[in-house]
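Q: build the 3D model from these lines:
(one chain, ligands or ions: 1)
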Amino acid sequence: MEKQHIYITRKIDDAVFAPYAEQFEIHMWEREEDPVPRDILLEAVKDADGLFCMLSDKIDEELLRHAPNLKVVSNLAVGYDNIDLDEAEKHGVIATNTPDVLTETTADLGFALLMATARRIVEANQYIKTNQWQNWAPYLLAGSDIHHKTIGIVGMGRIGEAIANRAKGFDMNILYHNRSRKPDAEQALEATYVSFDQLIREADFIVSVVPFTKETNKLFNQAAFEKMKSTAIFINISRGATVDEDALVEALKMNKIKAAGLDVFEVEPITNEHPLMQLENAVCIPHIGSASEETRTKMIQLCMDNIAGVLNGTGAKTAIQ
Ligand code: DGY
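A: So this is what the prediction gives:
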């Protein structure tokens, strides 16, 4: 019997897919940092039964039309706004993602970004390495306190709760906004449910963990930044398109808010010509929320398990519902 085909859109360690190599015919784009060009991808999926893809690969009607045998798309991310789920369903393709395994790591990064932004760690590092440190001074690189402040978490999913758990350790007052209330989280984390409006008005730290959807498209816009405290710090670890970046640049430049820590951008990769990159009060990192070696290895393993599960008929571990 002919082996089923799997296509992997980025170079991953041979050791991860070696156990599957006897059962499946596996092809892979051989570069780790560059995405597979679209025309090569469209050609590669023609005889693929399973597709292992990245959040930077667009899985849309065009791709699905090119892939008549495709049964599963396994996304190396918890977010899946790069996949057109309606089209996947129409084509009988199961889509999977990587929840749970990345929750704590992504929350670590979110909190690291919050702390780095509040305490001006990146600026301070630059200051000393460029030999600007000539004297100690009382307000030298003074930032904002984190402990006992109010954090507002927008999107209380698994990662939102893990952020709240860290905030609890800093004796923060925890506000959250979510599509639905989370009574268990409210009790366990001493978190208070508030409207989006109240959250952005009252929080010292506003952390976006919402998935990108039609409803959250540019949720953080000019009107939202206007309502925030002038001392507020905005952190985004969800998706760049939840923010109107022009409005954010304006808010940071005009000191309508104090600072922002951003792991995600509307267009990725963002270039250093973008106005956000010129601002000292914006700490920017390249979408590395779940990027620890341990977690990325678990995510890759889960993607392979999901593909094999669907192709073997035992089912995916983490199908997107
Ligand atoms: C995800 O998994 O969706 C994250 O954005 C990756 O860091």
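Q: CA only for contacts and neighbour counts going forward, please
A: OK.
Q: after the least confident helix or strand in the chain by mean pLDDT, next one along is what?
A: Ranked by mean pLDDT, DSSP states H and E, the weakest helix or strand in the chain is helix 14-17, scoring a mean of 86. Of the helices and strands lying after helix 14-17 in sequence (DSSP states H and E), the nearest is strand 24-28.
Q: and that next one, what does it pack onto?
A: Helices and strands in packing contact with strand 24-28 are listed as strand 4-8; criterion 3 or more Cα pairs under 8 Å, 6 or more residues apart in numbering; DSSP states H and E.
Q: list the contacts of the strand it packs on.
A: Contacts of strand 4-8 with the rest of the structure, by Cα atoms under 8 Å, 6 or more residues apart in numbering, involve 23-29, 44-45, 47-53, 311.
Q: of all the residues in the stretch 1-150 of the chain, which ones are close to the ligand?
A: With the criterion set to Cα under 6 Å from any ligand atom, the stretch 1-150 of the chain comes near the ligand through A77, V78, G79.
Q: how close does I257 get to L85?
A: According to Cα to Cα, to the nearest Å, I257 and L85 sit 36 Å apart.
Q: between these two, who's got more neighbours?
A: I257 (23 against 19; other Cα atoms under 10 Å).
Q: give the contact list for that one.
A: Contacts for I257 (Cα under 8 Å, 6+ apart) come out as F225, M228, K229, S230, T231, A232, I233, F234, A251.
Q: nearest to the ligand among those residues?
A: If you rank those by distance to the ligand using Cα to the nearest ligand atom, F234 comes first, at 17.0 Å.
Q: the closest one is in what secondary structure piece?
A: Remark: F234 resides in strand 233-236, with elements defined by DSSP H and E.
Q: by contact count, what packs against that strand?
A: Packed against strand 233-236 by the contact rule (3+ Cα pairs under 8 Å, 6+ apart) you find helix 103-118, strand 205-208, strand 259-262.
Q: quick check: the gap between the nearest residue to K58 once chain neighbours are set aside and A18.
A: Closest residue to K58 in three dimensions, ignoring its sequence neighbours and counting by Cα to Cα, 6 or more residues apart in numbering: N82, at 5.1 Å. Plainly put, N82 is 27 Å away from A18 if you go by Cα to Cα.
Q: mind checking which of the contacts of strand 4-8 are buried?
A: In terms of neighbour count (16 or more other Cα atoms under 10 Å), the buried residues within these are 24, 26-29, 44-45, 47-53, 311.
Q: next, the distance between the ends of stretch 312-319.
A: Distances were taken as Cα to Cα; on that basis the terminal residues of stretch 312-319 are 15 Å apart.
Q: I'd like the distance from that stretch to the chain centre, please.
A: Relative to the chain's own centre, stretch 312-319 is displaced by 24 Å; criterion: Cα atoms, centre = their mean, to the nearest Å.
Q: with stretch 312-321 instead?
A: Taking mean C-alpha positions (Cα atoms, centre = their mean), stretch 312-321 and its chain are 22 Å apart.
Q: ok, back up a step: of the residues of the stretch 1-150 of the chain next to the ligand, just say which sits nearest to V207.
A: Taking Cα to Cα as the measure, V207 sits nearest to G79 out of those, at 16.4 Å.
Q: so the closest one touches A95, yeah?
A: No - counting by Cα atoms under 8 Å, G79 stays clear of A95, with 11.6 Å between them.
Q: looking at those two now, which is surrounded by more residues?
A: The residue with the greater number of neighbours, taking G79 and A95 and applying other Cα under 10 Å, is A95; the counts read 26 against 18.
Q: assign the more buried one to helix, strand or coil.
A: Taken by DSSP: H, G, I helix; E, B strand; the rest coil, the conformation at A95 corresponds to strand.
Q: wait, it touches A88, no?
A: Yes - counting by Cα under 8 Å, A95 sits close enough to A88 to count as a contact (7.1 Å).
Q: ok, now which ones touch the one residue sitting closest to the centre of the chain?
A: The residue at the geometric middle of the chain, judged as the C-alpha nearest the mean C-alpha position with Cα atoms, centre = their mean, is S238 (4.3 Å). Residues in contact with S238, defined by Cα under 8 Å, 6+ apart, are S208, V209, V210, P211, F212, D263, V264.
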